[in-house]
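here you go, sequence then predicted model.
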2 protein chains.
Amino acid sequence: MDKHRIRFLPLDITYLAQDGENLLDFAMDVGVHINASCGGNGTCKRCKVRLVEGRVDFCQDQALSVSGHGEDIVLACQTRIKGDAVFEIPLESQIDRSALKSRKSPNILSAPDSLASLGGISPDPVAYKINITLEPPGIDNNMADSERLIRVLKNSHNMGDVKINLNILKRLPSLLRNSGWDVTLTIAETDMGLEITDVQVGNTPKKQYALAIDIGTTTVCGQIIDLWDCSKTGSRVIGESADYNAQISYGDDVITRIMHTRKKGGLKRLQEAVVKTINLIIDELTDKAGIERSFISHMVCAGNTTMTHLLLGVEPRYIMISPYTPAFVFPPVIKGGDIGIKGLDNTPLYLFPCVSSYVGGDIVAGVISSGMAKEGDISLFIDIGTNGEIVLGNKDWLMCASCSAGPAFEGGGISHGMRAAKGAIEQVRINKKTYEPMILTIGHSKPLGICGSGLIDSIAEMLSAGIITENGRFNRELPTDRVREGKDGYEYVLCYGKETQTGRDICLTEIDIDNIMRAKAAMFAGCKVLLDSAGLYFNELKRVIIAGGFGHFLDPSKAQIIGLLPELPLERFVFIGNSSLMGASLFALSREYASEAERVARMMTNIELTNNNRFMEEFMAAMFLPHTDLRLFSKTLGVR
Amino acid sequence: MDKHRIRFLPLDITYLAQDGENLLDFAMDVGVHINASCGGNGTCKRCKVRLVEGRVDFCQDQALSVSGHGEDIVLACQTRIKGDAVFEIPLESQIDRSALKSRKSPNILSAPDSLASLGGISPDPVAYKINITLEPPGIDNNMADSERLIRVLKNSHNMGDVKINLNILKRLPSLLRNSGWDVTLTIAETDMGLEITDVQVGNTPKKQYALAIDIGTTTVCGQIIDLWDCSKTGSRVIGESADYNAQISYGDDVITRIMHTRKKGGLKRLQEAVVKTINLIIDELTDKAGIERSFISHMVCAGNTTMTHLLLGVEPRYIMISPYTPAFVFPPVIKGGDIGIKGLDNTPLYLFPCVSSYVGGDIVAGVISSGMAKEGDISLFIDIGTNGEIVLGNKDWLMCASCSAGPAFEGGGISHGMRAAKGAIEQVRINKKTYEPMILTIGHSKPLGICGSGLIDSIAEMLSAGIITENGRFNRELPTDRVREGKDGYEYVLCYGKETQTGRDICLTEIDIDNIMRAKAAMFAGCKVLLDSAGLYFNELKRVIIAGGFGHFLDPSKAQIIGLLPELPLERFVFIGNSSLMGASLFALSREYASEAERVARMMTNIELTNNNRFMEEFMAAMFLPHTDLRLFSKTLGVR
């Protein structure tokens, strides 16, 4: 079959493609990232690339889809390769890993110090190492190798029923003899009970590391933990790494990913994609820390329910179909080799239990690391994101819900929205007299778009300056050119094209504002329904814990102005950053947190908000800035 | 590289070979069986083939190895392919599967009827099937699929902690929905505790079959058992099949096989060979019985310790090196897919526990099926073969040993020895006046060689006729041409060349007789040491149970004449045929026998006879026909 030379700019890499291949699929295969929110179905129109040179074929209504962008702009997902070609990937279609790095550390450090460094917690891991010395066999004592091992564990270590799996059994005879009958066992608590998962030559119990991995829909973050030595850095966390989840090429959100599993081979592709990302992160963690993989005794992963299904390769289809039933919430303990983790074939991998289809292991991990389930005081835990999970309760009871806030806070569905990456406008102030804005971007780069915190700031400032009204409409009478009528209706220009990376104006439209209002209304309504169900008022909350990468850059006073967060003294808001990763690290460090994870997951009562009338009422009431019930925001209104 | 056309006669099949390839290796690869006892090292000289046409190269001292057989006879293991060639495989180098079939049934039927048909035993298998109906999920009841299942098992079936493995989890969501929430679970007792190993649509608990497989060093035998219905045939055993263990191409006995594992890839080759044989047997069993593999709920295998190691792919090296330590004796419960059993990937496979390096799971299975470990009376269990395992005891105590009898009873090391296959002389009578023999062969074919029972008959008859003396030497003064001096010393001609398949005389030499005497002396000495250790005399034995394919064709009165079996009334000898297979079937049928297998294996005290002085003394004392201590055989001497 014909092969064609496909060159991508500005990366300037050339690959050979099959004739007729879909351009987006091909880019994914060769590892060139092009944004695609809709999984390649032509609706999100984000996978735009410029055809610099060459010939392509189009699927269906390509011309229609990209109208208004000039003949040379094509949607990669609707384009078939028909000859040699050169494509330029526009700035807004690229993803930039460097942004993850610059933003990661402050998140972690914002957590209580003892938790972040894990320094104050005594290690007591679910997989522990024991050095044992065996009596060598003799003609009067020729018991089998494996029974010899088990007898010592029983007699000298009081471990009654330890299992040896086939992989270990295969290596046992030569290991025992090569070691001179002096070995270090890794014994892990798995679905078999106690199981020997590794046998090492010699005395190595204190050389033990664990991996904690947070599998986000967008980002995968990992930490490597030295279980016994924190003398070097004062922290047990000896390395961190993050990367975009490679599944991102198959869609931005969990729903698009689940849709993709319905395609032939889709589930396998998604599983392989996230495992590829995890393998890269493990490579980076072990390389940087100079740790041999054989000393990693166990791995702990936390992810939302869909990510957990996809990691295990389990059909997630019914998560998105009413009544939203996951295949499982308590995952089996697996081995790295079961899913293709490199070099850790027999290493146990623990996954955080989930609660329901939309309250997953990442939230359980977050609750664990927040400590709220150990306290008598009542806290509200909020993870602002596409699904907007919330948890209310204390050590005795917990209830949770997912609010379907939509992707607005992550830049989705917003004209110039983008993820919190380099060039994203993250802080905004607007002069109340001149209506001129002051903006700050991530990395202080030329502006490229607006991320979640920038959106909240903008709307709060526009509201305070009277640019928009309480129902999110523009005041059309203001003496400023920044408020103007664009092709999608009225808009406010945050940044003119001459200052932006793309050369195009960065604006906020009434549609954008409406999308943000829906998102914040869903979050607030969810919190209100949970509090009402528990018969509580907001002022009875001792803490509002804000989790997630988003949370750290959020200004709670601005969030109160638009009615996203409840009106409480600012000192009650706690930002704990990537609490899912921290929960995974705590699980990896001590079985106390491992069993706490199970206890918490079983204790969390899920309140289904879909088709819930109370939620719909609260949602409608919150579709106002800050809220239709002004008593809820009386102080905020005073300072605005 | 050059390829050569290699044609094998009398099969008349042609395959393409690489230039320089070893002929024996090539024959194995393409599935043409040539006998080889030594694993291909040129010492056993059994892999002779005739070069009919073409060109070959020889390794080292090939010419020397086959001296006396003419230029065209080559040892396959010492021959390299250098061009197109035609080889004829002589009759004595072929193996003939049909012999297995004709001899199999009587073995099975010789067992107590209720055990052989398994009809009198209530099924209570280690893997059982339960039909359950689940409440379909609704918006107020959207518990995860797997937890929904587990809750029903807990609440309605009182099963507290049932595990679901990843393979089942992957299929669960679609299975539950396709079945309309009415499924049949297979729940097996595995190393995880209770584990769901299969989920089937609809109500199928009574469609349940199990496979029982005896993995012999030479032969693999299988049965398929209908666990609930024995109405058709009156037996739960609805099919049987046997085949040579494909490992046979890598050597006749366990030692040669273990030697082969030291070659690169040797362990994997041996594992694949036996799995290939098992797959063929399962194909035949399921095809003939018309059973879908999905209705096979579990498999049970019994084999000696080396076979058990090789099946699991576990290093057996230290089994043959003093102090003879196996890697394990209690095997893990595995899944068919772990070792490559086709179409039964997630089906649990149970292996009988072993006792020591040379008392394996086949013996434990034999003891189970003999019932000796449930009785107050004391029995002696004997499996006559290369390793000659013996077990002594009753319900309260058991001791066992392996006697290293050598391969003589299987035809090994005997000039015209062969396995019990078509054309083997199996019964012999000698006229005490004329010294002329009367012989019977298996299948009544032209004689090809002598098998174990023929050897015992011959020696007993020669001794009774005065052809040989009590120390196994020929009486050189007899008026018969049948006793003559051959190239290996004196010999007795059982059959002249004009009547044999090969055209060569079939003789028994003094060296052959010496080999048989060593074998019988080892067996008897082993029994004597066990009885002495227990402070027992032979006449205190209520039963002598003779197991193994060999046993069924053995005439115990002849065996007493040569001193192989102790002098006891003939009615105390019980032949139970392939008791290993029967034990496996019992295990498959009921967990009572499964736990009995573990109890028996733990109870059996292994007496190591290697380097055992008592054994050496008894062995020397038994190197006489019947024995140097004539008091042990006073009655036998009277009737002889």
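Right, received. Where do you want to start?

the stretch 1-150 of chain A: strands as residue ranges?
A:3-9, A:13-18, A:48-58, A:73-75, A:79-88, A:127-133 (DSSP state E, counting those that start in this stretch).

name every strand pairing with the shortest one and say which way it goes.
Looking at strand A:73-75 with DSSP bridges, its partner strands are strand A:48-58 (antiparallel).

repeat that for the last one.
Neighbouring strands of strand A:127-133 in its sheet, by DSSP bridges, are strand A:182-190 (antiparallel).

next helix or strand past the partner strand?
Note on strand A:182-190: by DSSP states H and E, the next helix or strand toward the C-terminus is strand A:193-201.

how far off centre is that next one?
Put simply, strand A:193-201 sits 32 Å off its chain's centre (C-alpha atoms, centre = their mean, to the nearest Å).

give me the contact list for stretch A:365-377.
Residues external to stretch A:365-377 that are found in contact with it (C-beta atoms under 8 Å, 6 or more residues apart in numbering or on different chains): A:111-112, A:115, A:214, A:302, A:352, A:379, A:381, A:383, A:391, A:393-395, A:398, A:542-543, A:545, A:547, A:574, A:576, A:579-584, A:586-587, A:593, A:596-597, A:599-600, A:603-604. All C-beta atoms are positioned from the backbone trio N, CA, C, and that covers glycine.

now the strands of the stretch 1-150 of chain A as TSV including mean neighbour count and mean pLDDT?
Shown next, in TSV, are the strands of the stretch 1-150 of chain A (neighbours: other C-beta atoms under 10 Å in any protein chain shown; pLDDT from 0 to 100):
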stretch	mean neighbour count	mean pLDDT
strand A:3-9	17	88
strand A:13-18	14	84
strand A:48-58	16	85
strand A:73-75	22	86
strand A:79-88	19	90
strand A:127-133	18	96
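
mind giving me CSV with these and columns for distance to residue A:534?
Compiled in CSV, these are given as follows (distance: least, C-beta to C-beta, whole Å):
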stretch, distance to residue A:534
strand A:3-9, 53
strand A:13-18, 55
strand A:48-58, 47
strand A:73-75, 47
strand A:79-88, 52
strand A:127-133, 38
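
which of these sits closest to residue A:250?
Nearest to residue A:250, of all the strands of the stretch 1-150 of chain A, is strand A:73-75, at 15.5 Å by C-beta to C-beta.

do stretch A:334-350 and chain B meet?
Yes: Stretch A:334-350 lies within reach of chain B by C-beta under 8 Å from any C-beta of the partner chain, at A:334, A:338.

same question for that stretch: list its buried residues.
A:334-336, A:338-339, A:341, A:344, A:346-350 (16 or more other C-beta atoms under 10 Å in any protein chain shown).

thinking again about what came up before, out of the strands of the stretch 1-150 of chain A, which is closest to residue A:174?
Counting by C-beta to C-beta, residue A:174 lies closest to strand A:127-133 out of the strands of the stretch 1-150 of chain A; the figure is 17.0 Å.

which residues sit against the closest one?
So strand A:127-133 is contacted by A:149, A:152-153, A:156-157, A:181-189, A:197, A:200, A:203-206, A:208, A:210, A:297-298, A:348 (C-beta under 8 Å, 6+ apart).

what about it, distance to the chain center?
Worked out by C-alpha atoms, centre = their mean, strand A:127-133 lies 35 Å from the chain centre.

now swap in stretch A:205-219 and tell me
The mean C-alpha position of stretch A:205-219 is separated from the chain mean by 14 Å, C-alpha atoms, centre = their mean.

just stretch A:3-22 next, same as before
31 Å.

what about that stretch, how long is it end to end?
End-to-end distance of stretch A:3-22 (C-alpha to C-alpha, to the nearest Å): 13 Å.

where does pLDDT dip in the stretch 251-400 of chain A?
Within the stretch 251-400 of chain A, no range satisfies pLDDT under 70.

what does it put close to chain B?
A:312-315, A:317-318, A:322-330, A:332, A:334, A:338, A:354, A:356-357.

generate a ChimeraX selection restricted to the buried subset of the residues you listed.
Those of those that count as buried under 16+ other C-beta under 10 Å are selected in ChimeraX with:
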select /A:312,313,314,315,317,318,323,324,325,326,327,328,329,330,332,334,338,354,356,357
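
residue A:474 and residue A:5, how far apart?
Residue A:474 is 49 Å from residue A:5, where distance means C-beta to C-beta, to the nearest Å.

ditto for residue A:81
10 Å.

can you check residue A:176 too?
Distance of residue A:176 to residue A:5, computed by C-beta to C-beta: 56 Å.

in the stretch 401-550 of chain A, what residue comes closest to chain B?
Per C-beta to the nearest C-beta, residue A:402 is where the stretch 401-550 of chain A lies closest to chain B, at 12.2 Å.

only the buried subset of the contacts of strand A:127-133, as a PyMOL command please.
Selection of buried members from the contacts of strand A:127-133 for PyMOL, criterion 16+ other C-beta under 10 Å:
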select buried, chain A and resi 149+152+153+181+183+184+185+186+187+188+189+197+200+204+205+208+210+297+298+348
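
please parse chain A into its domains.
A:3-93, A:127-201, A:206-351, A:372-640 (automatic domain parsing).

relative to residue B:257, which of the ones you listed is closest?
domain A:127-201 (15.9 Å).

what's the first-to-last distance across that closest one?
Taking C-alpha to C-alpha as the measure, domain A:127-201 stretches 17 Å from start to finish.

ok, now stretch A:539-547?
End-to-end distance (C-alpha to C-alpha), stretch A:539-547: 20 Å.

need the residues that contact it.
Taking C-beta under 8 Å, 6+ apart as the rule, stretch A:539-547 contacts A:366, A:370, A:372, A:375, A:377-384, A:531, A:554, A:556, A:565-566, A:568, A:572-580.

okay, and which of the contacts of stretch A:365-377 map to helices?
Members of the contacts of stretch A:365-377 lying in helices (criterion: DSSP state H): A:115, A:579-584, A:586-587, A:593, A:596-597, A:599-600, A:603.

for those residues, which one is nearest chain B?
residue A:603 (14.6 Å).

the closest one: neighbour count?
As a burial measure, residue A:603 scores 18 neighbours (other C-beta atoms under 10 Å in any protein chain shown).

quick check: closest non-adjacent residue to it.
Leaving aside its chain neighbours, residue A:603 sits nearest to residue A:398 (5.1 Å; criterion: C-beta to C-beta, 6 or more residues apart in numbering or on different chains).

go on, residue A:344?
That would be residue A:336: by C-beta to C-beta, 6+ apart, it lies 3.4 Å from residue A:344.

OK, contacts around the one you found?
A:299, A:342-347, A:349.

try residue A:255
Neighbours of residue A:255 in contact, by C-beta under 8 Å, 6+ apart: residue A:320.

following element in sequence after the helix or strand encompassing it, please.
Element membership of residue A:255, judged by DSSP H and E, is helix A:254-261. Sequence-wise, the next helix or strand downstream of helix A:254-261 (DSSP H and E) is helix A:266-289.

what residues of that next one count as buried?
A:266-267, A:269-282, A:284-286.

which bits of the stretch 101-250 of chain A sit near chain B?
Residues of the stretch 101-250 of chain A lying near chain B (C-beta under 8 Å from any C-beta): A:137-147, A:163-166, A:169-170, A:172-174, A:177, A:191-193.

and the helix holding residue A:255, how far out from the chain middle?
16 Å.

would you mind getting the angle between it and helix A:266-289?
Interaxial angle of helix A:254-261 relative to helix A:266-289 (axes from the mean of the first three to the mean of the last three C-alpha atoms, to 10 degrees): 120 degrees.

okay, helix A:254-261 in PDB with CA atoms only?
Output of helix A:254-261 as PDB, limited to C-alpha atoms (Å, rounded to 0.1, in the frame of the first residue of the first chain):
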ATOM      1  CA  VAL A 254     -14.900  10.800  31.000                       C
ATOM      2  CA  ILE A 255     -18.000  10.700  28.900                       C
ATOM      3  CA  THR A 256     -16.100  11.100  25.600                       C
ATOM      4  CA  ARG A 257     -13.700   8.400  26.800                       C
ATOM      5  CA  ILE A 258     -16.500   6.000  27.600                       C
ATOM      6  CA  MET A 259     -18.000   6.700  24.200                       C
ATOM      7  CA  HIS A 260     -14.700   5.800  22.700                       C
ATOM      8  CA  THR A 261     -14.800   2.300  24.400                       C
END
